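Trainee: Need the 3D shape of this:
(chains A and B)
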Amino acid sequence: MGFSIALIVLSLLLMLTVLLHKGKGGGLSDMFGGGMQSSVGGSSVAERNLDRITVILGLLWLACIVTLSLILKFG
Amino acid sequence: MLTAFAKAFKTPDLRKKLLFTLAILVVYRLGCNIPAPGVDFRYVKECVSQASTSGGSLFGLVNLFSGGALLQLTIFALGIMPYITASIILQLLTVVIPRLEALKKEGQAGQTKITQYTRYLTLALGVLQATGLAATARSGNLFSQCSVGSQVVSSQSYMTIVTMVVTMTAGTAIIMWLGELITDRGIGNGMSILMFTSIAAGFPGQIWQIKQQKGWLPFTLVIVLGLCLVGLVVFVEQAQRRIPVQYAKRMIGRRAYGGTSTYIPLKVNQAGVIPVIFASSLLYIPALVVQFSGSTASWANWVEQNLTKGDHPIYMVIYFLLIVFFAFFYVGISFNPEEVADNMKKYGGFIPGYRAGRQTAEYLQYVLTRITWPGSLYLGLIALVPLVALVAFNANQNFPFGGTTILILVGVGLETVKQIDSQLQQRSYEGFLR
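Mentor: Numbering: from 1, shown residues only, chains lettered A, B, ... in the order given. Have a look, this model is predicted:
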């Protein structure tokens, strides 16, 4: 039960951080055979920190899923 | 060709990009194989293997796009389908809602805003689809023919279902992020590359299935036919009409600009695979509605008989017509002749034999309409190939050389190779394509 709640909280946080990113790539039109445009400019410091947070959250999320699955199976 | 590969890996920044893309793909495939919490993986495996031999299911297309992750109920089960659906919806809404149209015309800033809306909508749709998937899996309807279908979800409590739904939605968010990372720092468009991998992942298994069911002769026949089809698709995808444009020479200060003659390339298949995706997503909705409502009214029966099976004549005709319609529709909203003509006029360009402005726009529209006819017919026919093969080979719906599959694989492959090529050409002039 505790892990389930932790997983839900982590998932919500993960969604939030992903949504905080600046969206790159504009939808369908350049998905298949659109114009070629190279993204100019690097990412800002805030963006890089956000990347780091997202990666850490993602790893925690994964660990949580694995432990929860194990608990459900053997517990 | 091989030297080009070696060169691509010798160029430091290109190598970095390629390796980054590969790493992301590894993460993606890994996530596609981790079952969501609360799912009993043994039963799922048993049911999936039963379903794949007993014929295609309603979820065939969506399952294809998620690389088989959907039916296995993994954490990335939804794949990029929510993102595609969200993009389609926003694309259609830009025609209807004036505010979105204004945003689209604004250029870069407006486009960013539309992308942001797409991302919100993706998560909303993700919640919706995850709930639907979890509910059908819980009630056992996901694998209705399977004997252990109702035991796929280990516990019937609401807590398990909620956890599953939230996890899958978070999975969708992560997939979206992975795609954006590839677009940003890797090679090619992230979303289409993710789709490419998930389709390509199921490919060898499906071909092998044909060999095991039918033997060697149909197996080789299918491969040869598939290669011919790939050749044809590449040929048409590369085909374009070049409309000559002459630019007037201008002096600005002491430097001369323009005075060159170039061309506007109009591709035969300007819309790419989008019409096929639109049409198949649209055709899948009525069957889904019937499945969820469980109604037995006459219309529901009609839908069940005519629209769920890919090899039914009515389905084929509607599919074909929808594809042709969407090809024209998409070309109509993505290429605006008036805008192109206006831009040409601004920079002193003209098509020889036509006046700048309205006449040019009319000429462009005329050529575009005429060139889209063969393009749309070709799209429709290619998309029907698997359905024909379904009848001829008596194969199931996951026929590996399906039209949608080939169109996506070739389209994305060509696009990505072109992008690598242009990166290579910044260093030296020889690339993959000659």
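Trainee: Only C-alpha atoms from now on, for both contacts and neighbour counts.
Mentor: Will do.
Trainee: and B:Asn242, how many neighbours?
Mentor: Just so we're on the same page, residue B:242 is Arg rather than Asn. 12 (other Cα atoms under 10 Å in any protein chain shown).
Trainee: For it, give me the pLDDT.
Mentor: In this model, B:Arg242 is scored at 90, pLDDT.
Trainee: need the contact list for it.
Mentor: For B:Arg242, the contacting residues are B:263-266, by Cα atoms under 8 Å, 6 or more residues apart in numbering or on different chains.
Trainee: Could I get the phi/psi values of it?
Mentor: With angles defined as degrees, to the nearest 10, B:Arg242 shows backbone torsions of phi -100, psi 110.
Trainee: Kindly report the same for B:Gly67.
Mentor: Note on B:Gly67: backbone dihedrals following degrees, to the nearest 10 are phi 70, psi 30.
Trainee: what residues are up against it?
Mentor: Per Cα under 8 Å, 6+ apart, neighbours of B:Gly67: B:32, B:79, B:195, B:197-202.
Trainee: Would you format these as CSV with secondary structure, pLDDT and neighbour count included?
Mentor: As requested, the contacts of B:Gly67 are exported to CSV (DSSP: H, G, I helix; E, B strand; the rest coil; pLDDT from 0 to 100; neighbours: other Cα atoms under 10 Å in any protein chain shown):
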residue, secondary structure, pLDDT, neighbour count
B:Cys32, coil, 88, 25
B:Gly79, coil, 84, 33
B:Met195, helix, 85, 22
B:Thr197, helix, 89, 19
B:Ser198, helix, 86, 24
B:Ile199, helix, 83, 21
B:Ala200, helix, 85, 18
B:Ala201, helix, 83, 16
B:Gly202, helix, 77, 17
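Trainee: quick one on the thing from earlier: filter the contacts of B:Arg242 down to the ones in strands?
Mentor: B:263-266 (DSSP state E).
Trainee: out of those, which one sits closest to B:Leu123?
Mentor: Taking Cα to Cα as the measure, B:Leu123 sits nearest to B:Leu266 out of the ones in strands among the contacts of B:Arg242, at 35.4 Å.
Trainee: Which of the three states applies to B:Ala77?
Mentor: coil (DSSP: H, G, I helix; E, B strand; the rest coil).
Trainee: residue contacts, it?
Mentor: B:32, B:66, B:69-71, B:168, B:171.
Trainee: again, 10 Å this time
Mentor: B:31-36, B:62-63, B:66-71, B:130, B:133, B:167-169, B:171-172 (Cα atoms under 10 Å, 6 or more residues apart in numbering or on different chains).
Trainee: and if you look at B:Asn63?
Mentor: So B:Asn63 contacts B:57, B:69-72, B:77-79, B:81, B:198-199, B:398 (Cα under 10 Å, 6+ apart).
Trainee: One more pass at 8 Å, please.
Mentor: B:Asn63 makes contact with B:69-71, according to Cα under 8 Å, 6+ apart.
Trainee: For it, give me the pLDDT.
Mentor: B:Asn63 is given a pLDDT of 70.
Trainee: what's the answer for A:Leu13, then?
Mentor: A:Leu13 is given a pLDDT of 92.
Trainee: quick check: longest helix of the chain.
Mentor: No chain in the question, so chain A it is. Ranked by residue count and defined by DSSP state H, the top helix of chain A is helix A:45-74.
Trainee: try chain B instead
Mentor: For chain B, the longest helix by residue count, based on DSSP H, is helix B:358-393.
Trainee: and whichever helix or strand comes after that helix, how far out from the chain's middle?
Mentor: Once helix B:358-393 ends, the next helix or strand along the chain (criterion: DSSP states H and E) is helix B:403-425. Between the centre of helix B:403-425 and the centre of its chain there are 13 Å (Cα atoms, centre = their mean, to the nearest Å).
Trainee: do the same with stretch B:174-184
Mentor: Centroid separation for stretch B:174-184 versus its chain: 16 Å, with Cα atoms, centre = their mean.
Trainee: do the same with stretch A:60-71
Mentor: Offset of stretch A:60-71 from its chain centre (Cα atoms, centre = their mean): 16 Å.
Trainee: Same question for stretch B:189-196.
Mentor: For stretch B:189-196, the distance to the chain centre is 8 Å (Cα atoms, centre = their mean).
Trainee: is it anywhere near chain A?
Mentor: Yes: on the criterion Cα under 8 Å from any Cα of the partner chain, stretch B:189-196 is in touch with chain A at B:189, B:191-192.
Trainee: Go through these and give me the one with the most neighbours.
Mentor: Neighbour tally across the residues of stretch B:189-196 next to chain A (other Cα under 10 Å): the maximum, 28 neighbours, falls on B:Asn189.
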